[in-house]
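In: quick one, what's the 3D model for this:
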Amino acid sequence: MRTKGKTRKPMLYALIAMIGIAVFWGFKEGDDFKIAKSLDIYYSLFRDVNIYYVDDTDPEEMVENSINAMLDELDPYTVYIPEKDKDEFTFMTTGQYGGIGALIRNNGSYPIVAQPYRGFPADKAGLKAGDRILEIDGKPTNEYPLTEVSDRLKGIPQTKVKLLIERPYSEEKMEKELVREEIKIKSVPYFGVLEEGVGYIRVTKFTPDVSKEVKDALRELKSEYQITSLILDLRGNPGGLLLEAPKICNLFVDKGEEIVSTKGKVQKWNQTLKTTDFPYDTEIPLVVMISRGSASASEIVAGALQDLDRAVVLGQRTFGKGLVQTTIPLSYNAQVKVTTAKYYIPSGRCVQALDYTNRNDDGSVGHIPDSLISEFQTRNGRKVYDGGGIIPDIKVEPEKISQLTISLLTQNVIFDFATKFAHDNPEILSVEKFEINNEIYNQFVQFALKDSFKYETQSEKELKKLEKIVKREKYFDKAETEFKALKDKLNHDKETDLMSFKDEIVQFLRDEIVGRYYYEDGQIQTNLKDDIQLHKAIEIIKDENQYKSVLSPDFENQEQLGMKISMLDNTNVNEAELSEETFYYESVMN
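Out: The predicted model follows:
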């Protein structure tokens with residue numbers, strides 16, 4: 001590999017030199033000498049380091065690293081996409097890729113199938129959640145990181161891939177030959193009727209044609225089940241294609257309504273996106289559910305419907321991503337996705353929460369300061385604010401889960417029990433009827449205790465920190481007895497805790513088991529049974545007076561009133577986990 005890089009160095013130097021010279025003179029004529037000077041220095045440095053450095057270097061890798069380091073200074077959404085990462089980028093923005101149609105993850109030395117998607121190659125071949133992937137095309141998978149295993153499973157549609165699979169609890173090894181297909185994951189994995197007249201649609205991402213999926217679901221709910229109200233679930237939806245947001249809003253608001261506008265440095269790219277078709281239903285009562293993980297295009301839909309007083313928004317304050325990216329093609333099939341604008345919803349507010357232009361001294365990014373937050377009004381005159389995501393009309397916090405449950409999930413104890421349960425039970429009752437009874441839960445407790453999983457409560461973690469501080473300050477000898485007594489009181493018993501947190505654990509256990517028989521849509525459906533936020537949404541949408549009062553100008557939103565007292569509490573959302581939004585402009589792409 002080094003040899004290959006070495007032979008390509010002269011060509012790469014020549015290319016960088018030509019680019020540097022061309023750009024240098026171009027910018028000098030445009031009176032932007034700083035840019036030209038910096039590029040000239042970069043070329044000189046790059047050339048000399050590669051010539052004189054004591055060991056062989058990989059110039060392509062050096063360039064890519066330098067590009068990534070440069071873009072890291074801007075924002076997380078401005079990224080370089082080399083040719084080798086195009087497939088992953090395509091999946092992020094379209095939901096499509098060539099592969100076997102299964103989620104995989106690590107569990108021990110080998111990757112496992114976490115979830116096969118219904119009707120795709122993995123499912124057709126009989127792969128099941130929990131199956132260990134020992135080899136791909138004859139090569140052991142334990143020698144590669146999970147990302148490379150994933151890359152080996154993906155490929156051009158209609159190509160074949162051979163897997164050696166080991167099925168837990170059966171000691172059975174199987175060779176499977178799968179034919180890759182173009183995988184398109186639905187953006188609406190589930191819709192249905194919650195109670196008489198109350199429809200529900202779950203939207204997980206904004207890929208092409210998501211608006212069509214929502215419309216088809218809405219049409220079926222109205223024609224087949226005669227729903228009279230609708231709950232649109234955008235929780236955890238990280239966004240996607242911006243152009244789909246106005247189309248979804250258009251199902252519920254009149255033609256010609258402004259949904260979002262973009263404003264940036266390049267004026268010709270500034271756009272105002274309006275609804276362009278006749279609506280499907282402008283009267284049906286609508287509740288939109290959001291969470292801290294709702295971002296980007298999902299914030300546009302929730303915020304626009306809130307600004308137009310077309311829906312009651314319920315849940316937690318959203319992530320606050322109000323930045324638009326444009327994908328620009330580069331040489332050699334590479335691309336750069338660069339932030340080119342901010343978007344603004346009908347009231348005129350921008351939902352961007354983080355200020356990337358003014359970093360803290362340590363390089364971290366802070367939230368928009370209170371002094372820059374402005375007040376806006378919805379169509380009915382309700383007060384709303386910018387600078388902090390979409391604030392719900394009705395705030396409903398999800399239940400916090402215990403450290404015990406987190407450990408059972410992260411250490412795959414619940415997952416592994418579901419694998420054993422599915423092996424021992426060829427079928428279960430329907431999604432509506434299946435529950436975790438005492439017999440099943442007791443089996444799980446015994447399984448978990450044998451598993452020797454480990455966990456620490458937050459109290460124990462904090463006590464350890466305090467003990468370190470006290471020892472460092474040399475007060476521990478005086479307080480050692482008290483520390484020991486407190487440790488004894490906080491010491492937990494696994495079996496007791498498994499029974500104490502039974503109600504909480506049962507929900508996750510039921511969801512995992514149901515997924516083995518009824519796939520992703522079954523998991524979503526059973527998860528809704530204990531959904532506090534959903535129950536509140538049903539309560540509001542079934543109470544006509546309460547629903548209308550929230551949308552009236554006299555409604556006092558306590559979360560909005562506290563906006564300037566306590567800014568964003570979204571710190572538990574990891575930006576890197578959010579799919580970033582891509583805004584396609586034909587003039588750029590051509």
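
In: pLDDT on stretch 320-336, on average?
Out: Mean per-residue pLDDT for stretch 320-336: 85.

In: give the buried residues for that stretch.
Out: 320-327, 334-336 (16 or more other CB atoms under 10 Å). All C-beta spots, glycine's among them, are computed from the backbone N, C-alpha and C.

In: how about these in a markdown table, adding secondary structure and distance to Pro76?
Out: Converted to a markdown table, these look like this (DSSP: H, G, I helix; E, B strand; the rest coil; distance: CB to CB, whole Å):
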| residue | secondary structure | distance to Pro76 |
| --- | --- | --- |
| Gly320 | coil | 13 |
| Lys321 | coil | 9 |
| Gly322 | coil | 14 |
| Leu323 | strand | 9 |
| Val324 | strand | 14 |
| Gln325 | strand | 11 |
| Thr326 | strand | 16 |
| Thr327 | strand | 16 |
| Ala334 | coil | 19 |
| Gln335 | strand | 16 |
| Val336 | strand | 14 |
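
In: name the nearest of the residues you listed relative to Pro82.
Out: Taking CB to CB as the measure, Pro82 sits nearest to Ala334 out of those, at 5.2 Å.

In: biggest separation within the buried residues of stretch 320-336, which pair?
Out: Of all pairs in the buried residues of stretch 320-336, the most separated under CB to CB is Gly320 and Ala334 at 29.8 Å.

In: quick revisit: turn the buried residues of stretch 320-336 into JSON lines, columns for distance to Asn65.
Out: Output for the buried residues of stretch 320-336, formatted as JSON lines (distance: CB to CB, whole Å):
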{"residue": "Gly320", "distance to Asn65": "30"}
{"residue": "Lys321", "distance to Asn65": "26"}
{"residue": "Gly322", "distance to Asn65": "30"}
{"residue": "Leu323", "distance to Asn65": "24"}
{"residue": "Val324", "distance to Asn65": "27"}
{"residue": "Gln325", "distance to Asn65": "22"}
{"residue": "Thr326", "distance to Asn65": "24"}
{"residue": "Thr327", "distance to Asn65": "21"}
{"residue": "Ala334", "distance to Asn65": "14"}
{"residue": "Gln335", "distance to Asn65": "17"}
{"residue": "Val336", "distance to Asn65": "15"}
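
In: let me see the ranges of the strands in the stretch 151-300 of the chain.
Out: 160-167, 172-179, 181-184, 190-195, 198-202, 229-233, 258-264, 271-274, 286-290 (DSSP state E, counting those that start in this stretch).

In: dump those strands to CSV, plus mean pLDDT, distance to Ser402 and mean neighbour count.
Out: CSV is the format used below for the strands of the stretch 151-300 of the chain (pLDDT from 0 to 100; distance: least, CB to CB, whole Å; neighbours: other CB atoms under 10 Å):
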stretch, mean pLDDT, distance to Ser402, mean neighbour count
strand 160-167, 95, 32, 17
strand 172-179, 93, 36, 14
strand 181-184, 88, 36, 17
strand 190-195, 95, 27, 18
strand 198-202, 98, 26, 24
strand 229-233, 98, 25, 25
strand 258-264, 94, 40, 20
strand 271-274, 94, 44, 16
strand 286-290, 98, 24, 28
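
In: which one of those lies nearest to Arg510?
Out: Nearest to Arg510, of those and by CB to CB, is strand 190-195 at 15.9 Å.

In: and that closest one, what other elements does it pack with?
Out: If you count contacts as 3 or more CB pairs under 8 Å, 6 or more residues apart in numbering; DSSP states H and E, strand 190-195 packs onto strand 198-202, helix 210-225, helix 502-527, helix 532-542.

In: same thing but 7 Å
Out: Where contact means 3 or more CB pairs under 7 Å, 6 or more residues apart in numbering; DSSP states H and E, strand 190-195 is packed against strand 198-202, helix 210-225, helix 502-527.

In: just give me the neighbour total for Cys43.
Out: For the record, residue 43 is Tyr, not Cys. 19 (other CB atoms under 10 Å).

In: what strand or helix carries it?
Out: Tyr43 is part of helix 33-52 when elements are defined by DSSP states H and E.

In: what is the subsequent helix or strand relative to that helix?
Out: helix 59-72.

In: what's in contact with the helix or strand just after that next one?
Out: In the C-terminal direction, the helix or strand that comes right after helix 59-72 (DSSP H and E) is strand 79-81. Strand 79-81 has contacts (CB atoms under 7 Å, 6 or more residues apart in numbering) with 64, 67-68, 71, 89, 334-337.

In: domains in the protein, by residue range?
Out: Annotated domains of the chain cover 2-73, 96-184, 207-393+555-589, 403-457+492-539 [automatic domain parsing].

In: which stretch in those has the least confidence?
Out: domain 2-73 (a mean of 71).

In: can you give me the helices for the stretch 351-500 of the chain?
Out: Remark: helices assigned in the stretch 351-500 of the chain by DSSP state H, counting those that start in this stretch are 403-410, 413-424, 438-451, 458-472, 476-490, 494-500.

In: let me know the angle separating the second one from strand 160-167.
Out: Put plainly, it is helix 413-424. Using axes from the mean of the first three to the mean of the last three CA atoms, to 10 degrees, the direction of helix 413-424 lies 90 degrees away from that of strand 160-167.

In: for helix 413-424, output the C-alpha coordinates as CSV.
Out: What follows is helix 413-424 as a C-alpha-only set of coordinates in CSV (Å, rounded to 0.1, in the frame of the first residue of the first chain):
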residue,chain,number,x,y,z
VAL,A,413,-28.5,-9.5,28.7
ILE,A,414,-32.0,-8.6,27.5
PHE,A,415,-31.0,-9.3,23.9
ASP,A,416,-29.5,-12.6,24.7
PHE,A,417,-32.5,-13.8,26.7
ALA,A,418,-34.8,-12.8,23.8
THR,A,419,-32.5,-15.0,21.5
LYS,A,420,-32.9,-18.0,23.9
PHE,A,421,-36.6,-17.4,24.3
ALA,A,422,-37.1,-17.3,20.5
HIS,A,423,-35.2,-20.5,20.2
ASP,A,424,-37.3,-22.3,22.8
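
In: summarise which helices and strands it is packed against.
Out: Partner elements for helix 413-424 (3+ CB pairs under 7 Å, 6+ apart): helix 438-451, helix 502-527.

In: could I get the ones you listed as JSON lines with mean neighbour count and distance to Tyr343?
Out: JSON lines is the format used below for the helices and strands packed on helix 413-424 (neighbours: other CB atoms under 10 Å; distance: least, CB to CB, whole Å):
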{"stretch": "helix 438-451", "mean neighbour count": "15", "distance to Tyr343": "47"}
{"stretch": "helix 502-527", "mean neighbour count": "20", "distance to Tyr343": "29"}
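
In: looking at the ones you listed, which is closest to Ala125?
Out: Between the helices and strands packed on helix 413-424, helix 502-527 lies closest to Ala125; by CB to CB that is 15.2 Å.

In: helices or strands up against the closest one?
Out: strand 190-195, helix 403-410, helix 413-424, helix 438-451.

In: among these, which is nearest His367?
Out: Across the helices and strands packed on helix 502-527, closest to His367 is helix 403-410 (CB to CB), at 26.5 Å.

In: now do the closest one against helix 502-527: the angle between them, please.
Out: 50 degrees.

In: count the neighbours of Asp151 for me.
Out: 16.

In: list the contacts for it?
Out: Here Asp151 is in contact with no residue (CB under 7 Å, 6+ apart).

In: just to revisit the earlier point, kindly export the helix holding Tyr43 (C-alpha atoms) in CSV.
Out: Only the C-alpha atoms of helix 33-52 are listed here, as CSV (Å, rounded to 0.1, in the frame of the first residue of the first chain):
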residue,chain,number,x,y,z
PHE,A,33,-4.5,37.6,-0.9
LYS,A,34,-4.8,35.8,2.4
ILE,A,35,-6.4,32.7,0.8
ALA,A,36,-3.9,32.6,-2.0
LYS,A,37,-1.0,33.0,0.5
SER,A,38,-2.3,30.2,2.7
LEU,A,39,-2.8,27.8,-0.2
ASP,A,40,0.7,28.5,-1.4
ILE,A,41,2.2,27.8,2.0
TYR,A,42,0.1,24.6,2.3
TYR,A,43,1.4,23.3,-1.1
SER,A,44,5.0,24.1,-0.1
LEU,A,45,4.7,22.4,3.3
PHE,A,46,2.9,19.4,1.9
ARG,A,47,5.6,18.9,-0.8
ASP,A,48,8.5,19.3,1.5
VAL,A,49,7.2,17.1,4.3
ASN,A,50,6.5,14.3,1.8
ILE,A,51,10.0,14.7,0.2
TYR,A,52,12.1,15.0,3.3
